[in-house]
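[1] can't give you the sequence, but here's the structure:
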């Protein structure tokens with residue numbers, strides 16, 4: 001096959017457009033299910049230990065990807081004056097150091113009486129506590145009509161007011177609106193100038209169930225993207241903590257029944273009882289933060305006459321690591337996408353080695369830290385190795401090895417979301433018709449930008465993007481996401497179609513019209 005491709009390259013200049021397309025499809029056939037399987041089995045092996053950001057398993061995965069880039073013959077970008085495949089960056093890893101609440105000289109027990117939900121924070125002092133209803137502000141119901149929570153700690157019930165039929169007053173459904181969740185209550189505390197919020201479970205038994213299901217207590221570290229105080233003023237970070245109603249009642253010197261009665265009255269009348277109870281508590285909480293090094297892996301194939309412009313092909317190679325003796329292998333999430341990037345990169349590099357290049361350069365980007373906040377792609381777009389205003393399009397590949405739960409009985413489809421350019425949608429559909437004619441085309445144009453994977457920061461910067469994603473399945477984020485469950489025949493076809501789409505993007509004459 002390589003010999004035939006070399007012969008074809010010699011006469012490329014004389015070939016008509018359809019013959020060049022035919023040659024492109026020949027390079028697509030170098031992407032095989034056998035090689036995809038080899039990559040997935042390697043990346044999702046015991047050796048990689050679940051590839052958690054900053055772990056030795058992720059470092060091993062980085063070395064494997066680097067070796068594959070080098071073997072394929074990808075060029076190295078120049079990073080800080082040195083040619084390298086590794087775009088290194090540092091995150092902050094923060095752990096709780098101390099978590100204490102003291103009431104009238106008696107220390108409350110972390111993991112039994114209360115449980116911090118927020119990222120590690122530093123707070124120390126004696127604070128007033130004020131009952132704040134459900135800590136909700138909405139046109140249909142509000143707890144902030146007559147109370148001032150500035151510099152105080154809010155005490156509020158979880159969720160939001162419910163009607164007699166169990167539906168939410170705010171959402172109108174059985175499910176809460178976003179305002180019912182702890183992170184919204186913590187944000188409300190920040191917006192109102194409070195120090196934090198204690199959240200009371202609706203029922204006595206819910207708190208015990210929560211503690212048992214969360215396997216606490218030693219709390220896990222939190223990894224964050226570093227904050228540059230020179231760029232913006234960091235807002236005060238309030239804390240959020242869960243507690244049972246018995247502890248909450250002690251804070252305000254009342255009985256648990258009084259708190260439950262107040263909740264029932266608020267739900268019945270839709271009039272808040274905020275401010276009805278108050279107290280004081282001493283808080284001593286602190287954290288330790290350390291630098292956590294990690295890296296994106298970047299290689300590229302230089303284009304022809306438009307080589308200063310680039311198409312970025314991205315997949316995250318990190319996953320959830322291991323816990324309690326279980327490895328979260330991440331075969332589909334996202335060894336599958338990473339394997340596709342490696343195979344597509346090899347096909348482009350093979351073509352370039354035979355003198356066949358698309359007009360634009362193609363950048364292959366394996367990013368770290370997606371699972372903990374899209375940090376790898378965020379770092380790249382903040383520190384691009386190729387200018388963002390010269391980035392023609394982004395192709396993001398995340399979980400293409402399995403069928404979704406809804407499609408498990410009909411897995412023969414290719415799915416993706418397209419952002420910012422309906423022309424990109426048409427281009428991908430054309431590629432799918434020729435490269436994956438036996439798969440149902442489920443590529444759709446999305447008018448609203450959503451996160452969830454590494455296309456987000458590219459699209460946010462105005463770069464047309466396509467996000468290949470086959471959907472969620474029961475093994476998503478479970479230790480059972482293993483290589484033996486990948487549909488390699490189907491994955492081969494999808495990866496070839498992505499290769500063709502990428503080639504067409506890199507070789508396109510016109511700029512993609514931006515639809516938003």
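    Received the coordinates, thanks. All figures in this text were calculated on a predicted structure; none of them were measured in a lab. Numbering: from 1, shown residues only.

[2] so what's the model's average confidence on the longest helix seen in the chain?
    For the chain, the longest helix by residue count, based on DSSP state H, is helix 488-507. What helix 488-507 shows for mean pLDDT is 98.

[3] so residue 289 is in contact with residue 94, correct?
    Yes: if you go by Cβ atoms under 8 Å, residue 289 and residue 94 touch, sitting 4.2 Å apart. Quick note: C-beta positions are derived from backbone N, CA and C, even for glycine.

[4] overlap in contacts, those two.
    Both residue 289 and residue 94 are contacted by residue 120, under the criterion Cβ atoms under 8 Å, 6 or more residues apart in numbering.

[5] pull the number of nearby residues for residue 167.
    Neighbourhood size, residue 167 [other Cβ atoms under 10 Å]: 13.

[6] what's the pLDDT at it?
    93.

[7] residue 115 too?
    Looking at residue 115, the pLDDT reads 85.

[8] pLDDT weak spots in the protein?
    For the chain, applying pLDDT under 70 flags the ranges 1-20, 212-220, 227-237, 515-516.

[9] and residue 184, what element?
    helix 182-191 (DSSP states H and E).

[10] residues of that helix that come out buried?
    Under the neighbour-count criterion of 16 or more other Cβ atoms under 10 Å, helix 182-191 has 182, 184-189 buried.

[11] so what touches that helix?
    117-118, 135-137, 149, 154, 156, 158, 178-179, 195-197, 199, 235-240, 242.

[12] rerun that using 6 Å as the cut-off
    Contacts to helix 182-191, defined as Cβ atoms under 6 Å, 6 or more residues apart in numbering, come from residues 117, 135, 154, 178, 196-197, 199, 238, 240.

[13] chain center to it: distance?
    22 Å (Cα atoms, centre = their mean, to the nearest Å).

[14] can you name the next helix or strand after it?
    strand 196-200.

[15] got the residue ranges for the helices in the stretch 251-400 of the chain?
    256-269, 337-353, 375-382 (DSSP state H, counting those that start in this stretch).

[16] now the angle from the second one to helix 488-507?
    To tie it back to what came earlier, the one meant is helix 337-353. If you take axes from the mean of the first three to the mean of the last three Cα atoms, to 10 degrees, helix 337-353 sits at 50 degrees to helix 488-507.

[17] the shortest one now?
    Between the axes of helix 375-382 and helix 488-507, defined by the same axes, to 10 degrees, the angle is 10 degrees.

[18] which secondary structure elements does helix 375-382 sit against?
    Other helices and strands packing on helix 375-382, by 3 or more Cβ pairs under 6 Å, 6 or more residues apart in numbering; DSSP states H and E, are helix 456-460.

[19] after the helix it packs on, next one along is what?
    Taking DSSP H and E, what comes next after helix 456-460 is strand 465-468.

[20] and the longest helix of the chain, how far from the chain's centre?
    23 Å.

[21] show me what it is packed up against.
    helix 17-28, helix 33-43, strand 306-316, helix 337-353, helix 422-435.

[22] swap the cut-off to 7 Å and go again
    helix 17-28, helix 33-43, strand 306-316, helix 337-353, strand 360-367, strand 391-397, helix 422-435 (3 or more Cβ pairs under 7 Å, 6 or more residues apart in numbering; DSSP states H and E).

[23] residues of it that come out buried?
    Neighbour-count burial for helix 488-507 [16+ other Cβ under 10 Å]: 488, 490-507.

[24] the inter-axis angle of that helix versus strand 306-316?
    Using the same axes, to 10 degrees, helix 488-507 lies at 150 degrees relative to strand 306-316.

[25] ok so, going back, so which of residue 289 and residue 94 has more stuff around it?
    Ranked by neighbour count (other Cβ under 10 Å), residue 289 and residue 94 place residue 94 first, with 19 against 16.

[26] what's the closest of the helices and strands packed on helix 488-507 to residue 383?
    strand 360-367 (12.3 Å; Cβ to Cβ).

[27] that closest one versus helix 375-382: what angle between them?
    Using the same axes, to 10 degrees: strand 360-367 against helix 375-382 is 140 degrees.

[28] what sits up against strand 360-367?
    65, 74, 296-303, 306-307, 309-317, 338, 341, 345, 348, 376-377, 380, 386, 392, 454, 502, 506 (Cβ atoms under 7 Å, 6 or more residues apart in numbering).

[29] from these, list the buried ones, please.
    The buried subset of these (16+ other Cβ under 10 Å) comprises 65, 74, 296-301, 303, 306-307, 309-317, 338, 341, 345, 348, 376-377, 380, 386, 392, 454, 502, 506.

[30] contact partners for residue 210?
    Contacts of residue 210 (Cβ under 7 Å, 6+ apart): residue 242.

[31] following the helix or strand harbouring it, which helix or strand comes up?
    Using DSSP H and E, residue 210 falls within helix 204-213. Under the assignment DSSP H and E, the closest C-terminal helix or strand after helix 204-213 is strand 222-224.

[32] that next one packs against which elements?
    strand 86-103.

[33] how far off centre is the helix or strand just after the strand it packs on?
    Remark: after strand 86-103, the chain's next helix or strand is strand 106-108, criterion DSSP H and E. Distance, stretch centre to chain centre, for strand 106-108: 38 Å (Cα atoms, centre = their mean).

[34] then stretch 115-125?
    24 Å.

[35] now stretch 390-401
    How far stretch 390-401 lies from its chain's middle: 14 Å, per Cα atoms, centre = their mean.

[36] any idea how far apart the tips of that stretch sit?
    For stretch 390-401, the first and last residues are 31 Å from each other (Cα to Cα, to the nearest Å).

[37] repeat for stretch 126-146
    Rule used - Cα to Cα; the end-to-end distance of stretch 126-146 is 23 Å.

[38] mind listing what the nearest residue to residue 478 once chain neighbours are set aside touches?
    Closest residue in space to residue 478, ignoring its immediate chain neighbours: residue 328 at 7.1 Å, by Cβ to Cβ, 6 or more residues apart in numbering. Going by Cβ under 7 Å, 6+ apart, residue 328 touches 50, 319-322, 479.

[39] and if you look at residue 262?
    By Cβ under 7 Å, 6+ apart, the neighbours of residue 262 are 273, 276.

[40] and residue 246, by the same measure?
    residue 256.

[41] ok, it to residue 252 distance?
    Going from residue 246 to residue 252 by Cβ to Cβ, to the nearest Å gives 12 Å.

[42] ok, residues contacting the longest helix of the chain?
    Outside helix 488-507, the residues touching it (Cβ under 7 Å, 6+ apart) are 24-25, 28, 31-33, 36-37, 303, 311, 313, 336, 340, 343-344, 347, 358-360, 362, 392-393, 395, 397, 400-401, 411-412, 414, 427-428, 431-432, 434-436, 439, 468.
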